[in-house]
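Participant: Just the structure for this:
(one chain, ligands or ions: 1)
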Amino acid sequence: MAVAIAEVFESDGVLLVEAGTGTGKTLAYLVPAILSGHRVLLSTGTKQLQDQIYNKDLPTLRDVLQVRFTATYMKGRGNYLCLHRLDAFHAGEELLSPVDRGHFASIEEWAEQTSTGDRTEIEDLPDDLPFWGDISATSENCIGTECPQYDACFVTQMRRQAAESDLVIVNHHLLCADAAVRQSDYGEVIPACHYAVIDEAHQLEDVATQYFGVSISPRRFERLTRDAHRYIDRDLEHTPEEAKPVRAVIDLAERYAEVFFGAARMCLSSVDRMRIDPDTLAPVAESGHRLASTLRSLDAPLARITERSEDLHSLGRRASELANHLDFVLEAADPGFVYFLERRGQGLFLRASPVDVSAIIRKLLLDRMRATILTSATLAVDGSFDYQRVRLGISNAIEVRLEPEFDYAKQTVLYLPEEMPEPRASNFTQAAATEIAGLLEATRGRAFVLFTSHANLREVHRLITDSVAFPLLVQGTAPRSVLLRNFKATPNGVLLATSSFWQGVDVSGDTLSCVIIDKLPFATPDDPITAARIQAITEGGGNPFAEYQVPLAILSLLQGMGRLIRHRKDRGVLSILDPRVLTKGYGQRFLASLPPAPIVRSVKDVRKFLDLQGM
Ligand code: SF4
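Facilitator: Got it, this is the predicted structure:
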């Protein structure tokens, strides 16, 4: 892999590499990147991998290679403090709760000393600190070179450091956010790089879908109006005749926003995500357009006073961008986008996401590079990279698949129960619960049971609570990191979880000896993005099931199953309870993509394997 990467760095082009867990994939791209003499952009799917590269792998390589190189670790702009907004925020400090006032005092003290402005340096700062959005360095609020704090700004300093570094380490969220703002020519932080390594590349399509679209939310609107009041109070304090018309427009916009978002919330009824079109939006269209035109009408009173402050100027820019986005979503007319309403916790979002991101990825990422390496433990579907090439817009690429590092034939068995009903059958969950209880008995717990839906998880949990003697840890009862820590610390523990645990979870050793998957993880066809992609492939004359749904499910399944064997000494049992893997024609594609573990059909054989392994 390292040689193939070094060659592509020399000759330019795109390289796709599938390298399973344990192959030393990270070192295999870091070494040629360091030795290439080029500035290389490294993008990971997760912050954990970014941390590992920057804090562990690079220091090791510095010692081993005896080569001097520099690296910059860049997180998304929202992680950093904006000094300019911190100054402006002091005015609203008295409105904070006593607890938040304490957090604000810690931030002020830390701001005096920090050299990075990265909020993770402050211990105990809650993830959902209510006012962090008011003082963070997001591109939406940044006034760039007009900022009085521009030189001292943490983002400016990070960008300058990155521009002089040999390695620039980002994650896909920042990579895509940066490429998206590059389209509007504002707020870009990643310096120009012509060589890139995209690790965990199987996540790129999803992340790109999030960032290359449009999102409207009450929170986005409230951030705008809060800033507006703050800037009016500060900059127009002595000219009330100028403040009055601006405040009048903001007040009116707030009233329209309340009506609009209230009506939008009503549209969602009981579902969390709903596709929208001009018909479904009809009840909210009038109030939405009224809100958009009110936001645009800020232009007139602001035009007379923008020279007074760059913040007021940027307020006008943000208001008209929000108005344009609002109209774009309300019209729901661009066939390249899928429009939907979404509820997340207490949050409401109206979104427009690109149906196909391949052309965007090609134009904004791949075409800007001389050489790009895309790698992951799971890229190929039944031996072919075609799926990724289509989804990521890759026409010509060199392809490399490394042999698995583990001896799956010896380290694992794949248990497929003899008799399971079809997943749609009413007795499926009961049968799954019985199988799970039997398997856990054989493995003495030490298992991840991964579900495709919260409903299945809850029902199976209810059914096995009394019959399973091992500690059950259930997703939703504690934060993800706490659950994982508890799982590692709990002898014979069993973790019941859904999609967020299917990837990026690393537990090696006998603590995790079994991974059970309840159903083949097909994306729900009711999901707006999935539905739009299925529709687009159908309209293009393709077969969405074979070309999109099955490959996507295979990659998810491989991620889930990949939790079991993380090390050459790991052993254990994989199990898929969904009979379609054997009864349906497409099941063969799943089996052909899985690691070559011997198939067993009874719990007795599972026990035999465990006994042989001394487990
Ligand atoms: S340049 Fe932008 S991010 Fe930096 S301090 Fe100024 S407004 Fe904040």
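Participant: C-alpha only now, for contacts and for neighbours.
Facilitator: OK.
Participant: Contacts only, for the residue nearest the centre of the chain.
Facilitator: Centroid check for the chain by C-alpha atoms, centre = their mean gives Val207 as the closest residue, at 5.4 Å. Taking C-alpha atoms under 8 Å, 6 or more residues apart in numbering, we find Val207 in contact with His172, His173, Cys176.
Participant: how does the chain divide up, domain by domain?
Facilitator: 2-70+165-212+357-401, 78-146, 214-351, 408-612 (automatic domain parsing).
Participant: Switch these over to CSV; also include mean pLDDT and distance to the ligand.
Facilitator: Output for the domains of the chain, formatted as CSV (pLDDT from 0 to 100; distance: least, C-alpha to the nearest ligand atom, whole Å):
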stretch, mean pLDDT, distance to the ligand
domain 2-70+165-212+357-401, 93, 8
domain 78-146, 88, 4
domain 214-351, 91, 9
domain 408-612, 93, 30
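Participant: would you turn the ones you listed into TSV with distance to Ala152?
Facilitator: TSV is the format used below for the domains of the chain (distance: least, C-alpha to C-alpha, whole Å):
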stretch	distance to Ala152
domain 2-70+165-212+357-401	15
domain 78-146	8
domain 214-351	17
domain 408-612	34
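Participant: Of all those domains, which one is nearest Arg159?
Facilitator: Nearest of the domains of the chain to Arg159, taken as C-alpha to C-alpha: domain 2-70+165-212+357-401 at 5.6 Å.
Participant: contacting residues for the closest residue to Val189 other than its chain neighbours?
Facilitator: In space, and not counting its chain neighbours, Val189 is closest to Arg159: 5.6 Å by C-alpha to C-alpha, 6 or more residues apart in numbering. Residues near Arg159 by C-alpha under 8 Å, 6+ apart: Val189, Ile190, Pro191.
Participant: List the contacts of the first one.
Facilitator: Residues near Val189 by C-alpha under 8 Å, 6+ apart: Val155, Thr156, Arg159, Asp178.
Participant: Cys147 is in contact with the second one, correct?
Facilitator: No - taking contact to mean C-alpha atoms under 8 Å, the distance of 10.8 Å between Thr156 and Cys147 leaves them out of contact.
Participant: State the pair within the contacts of Val189 that is farthest apart.
Facilitator: Farthest-apart pair in these is Thr156 and Asp178; separation 14.1 Å (C-alpha to C-alpha).
Participant: Looking at those two, which is more packed in?
Facilitator: Per other C-alpha atoms under 10 Å, whichever of Thr156 and Asp178 has more neighbours is Asp178, with 23 against 16.
Participant: What is the subsequent helix or strand relative to the helix or strand harbouring the more buried one?
Facilitator: Assigned by DSSP states H and E, Asp178 belongs to helix 172-183. Next helix or strand after helix 172-183 toward the C-terminus (DSSP H and E): strand 195-198.
Participant: before we move on, the earlier item: could you list the buried residues of the helix holding Asp178?
Facilitator: By neighbour count on 16 or more other C-alpha atoms under 10 Å, the buried set for helix 172-183 is His172, His173, Leu174, Leu175, Cys176, Ala177, Asp178, Ala179, Ala180, Val181.
Participant: now stretch 213-226
Facilitator: Under 16+ other C-alpha under 10 Å, the buried positions of stretch 213-226 are Gly213, Val214, Ser215, Ile216, Ser217, Pro218, Phe221, Leu224, Thr225.
Participant: quick one: the strands in the stretch 151-300 of the chain?
Facilitator: Along the stretch 151-300 of the chain, counting by DSSP state E, counting those that start in this stretch, strands occupy 167-171, 195-198, 214-216, 273-275.
Participant: could I get those as JSON lines with distance to Ala553?
Facilitator: Shown next, in JSON lines, are the strands of the stretch 151-300 of the chain (distance: least, C-alpha to C-alpha, whole Å):
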{"stretch": "strand 167-171", "distance to Ala553": "24"}
{"stretch": "strand 195-198", "distance to Ala553": "22"}
{"stretch": "strand 214-216", "distance to Ala553": "27"}
{"stretch": "strand 273-275", "distance to Ala553": "20"}
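Participant: So the nearest residue to Ser499 once chain neighbours are set aside: helix, strand or coil?
Facilitator: Excluding the flanking residues, the one nearest Ser499 by C-alpha to C-alpha, 6+ apart is Thr452, at 6.5 Å. Following DSSP: H, G, I helix; E, B strand; the rest coil, the label given to Thr452 is coil.
Participant: Just give the number of residues close to Thr452.
Facilitator: The local packing of Thr452 (other C-alpha under 10 Å) involves 19 other residues.
Participant: ok now do it, which residues does it touch?
Facilitator: For Thr452, counting by C-alpha under 8 Å, 6+ apart, the contacting residues are Thr498, Ser499, Asp518, Lys519, Leu520, Pro521.
Participant: Provide the secondary structure category for the fourth one.
Facilitator: The one in question is Lys519. coil.
Participant: In contact with it, which residues are there?
Facilitator: Pro423, Phe451, Thr452, Ile576, Leu577, Asp578.
Participant: The last one should be in a strand, yeah?
Facilitator: Looking back up the chat, that one is Asp578. No - according to three-state DSSP, Asp578 belongs to no strand; its state is coil.
Participant: Correct me if wrong: it contacts Asp518.
Facilitator: Yes - when contacts are counted by C-alpha under 8 Å, Asp578 is listed as touching Asp518 (6.2 Å).
Participant: Looking at those two, which one has more neighbours?
Facilitator: Neighbour count, other C-alpha under 10 Å: between Asp578 and Asp518, Asp518 has more, with 26 against 23.
Participant: Minimum distance to the ligand, which residue of the stretch 151-300 of the chain gives it?
Facilitator: Cys153 (4.3 Å; C-alpha to the nearest ligand atom).
Participant: so that residue touches Leu86, yeah?
Facilitator: No - here Cys153 lies out of contact with Leu86, judged by C-alpha under 8 Å, at a distance of 11.3 Å.
Participant: for the stretch 301-450 of the chain, what spans make up the helices?
Facilitator: 310-331, 358-364, 386-392, 408-411, 428-443 (DSSP state H, counting those that start in this stretch).
Participant: list the helices and strands the third one packs on?
Facilitator: Think helix 386-392. helix 204-211, helix 358-364 (3 or more C-alpha pairs under 8 Å, 6 or more residues apart in numbering; DSSP states H and E).
Participant: Show residues contacting that helix.
Facilitator: Applying C-alpha under 8 Å, 6+ apart, the set of residues contacting helix 386-392 is 202, 204-205, 356-359, 361-362, 379-381, 394-395, 547-548, 551.
Participant: Quick one, which of those are buried?
Facilitator: 202, 204-205, 356-358, 361-362, 379-381, 394, 548, 551.
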